[in-house]
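**Student:** Predicted model and sequence below, questions to follow.
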Amino acid sequence: MIEFLKQPWAWYVAGPLIGLTVPALLILGNKTFGISSSLRHICASCIPANIPFFKYDWKKEMWNIFFVFGIFLGGIIAMKFLSNPNPIEVNPKLATELAAYGITNYDHLVPLDILNWQSLFSLKGFLLIVVGGFLVGFGTRYAGGCTSGHAIMGLSNLQLSSLIATISFMVGGFLMANFILPFILSL
């Protein structure tokens, strides 16, 4: 059984399981699915309420903080007990392309050639880690939620704004993966 759990799950298994969180949350507690709002709840619990953005009853959203903590804890448990010790399998064509950018180590989920302390202090690392992190954070607040909130919860509720946001995420991801990221990696 454990060996089965260590293998990647097919999209037709994992997708419906993720999709079933929407009706489960709605039925069990009339809650909506989203991750990015949990940072606001954490800040509201720690920062004095004199900042208007954090002036609300964050205790009603405590379930969301526990939900995100459960995702974090589940990731640690999966990494400790269910992770595959073999290097990540990469398509040979992709490996050739990545080698041109200096990415050759596939021992971890995120290549250490990109994400390490030394590369953080390079132009490439700064752009990928710091600027990229800022843009993700800004984008989630500007779009009124993250990909999980819009693509999973918003689309299932037939919200036009979530459809527009999800299309924007997909177009942005395509542009990033095919044009911007290769340029940054070639620096």
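**Tutor:** That came through fine. Just so it is clear, the structure is predicted and the values come from calculations on it, not from any experiment.

**Student:** What about residue 153, how many residues nearby?
**Tutor:** 20 (other Cβ atoms under 10 Å). Just so you know, the C-beta spots here come from the backbone N, C-alpha and C atoms, and that holds for glycine as well.

**Student:** same question, residue 167
**Tutor:** 12.

**Student:** Which element, helix or strand, includes it?
**Tutor:** Using DSSP states H and E, residue 167 falls within helix 160-175.

**Student:** elements contacting that helix?
**Tutor:** helix 155-156 (3 or more Cβ pairs under 8 Å, 6 or more residues apart in numbering; DSSP states H and E).

**Student:** List the contacts of the helix it packs on.
**Tutor:** Residues from elsewhere that reach helix 155-156, judged by Cβ atoms under 8 Å, 6 or more residues apart in numbering: 19, 22, 162-163, 166.

**Student:** quick one: low-confidence parts of the protein?
**Tutor:** Within the chain, the stretches with pLDDT under 70 are 1.

**Student:** Got the domain ranges for it?
**Tutor:** Using automatic domain parsing, the domains assigned to the chain come out as 1-83, 114-187.
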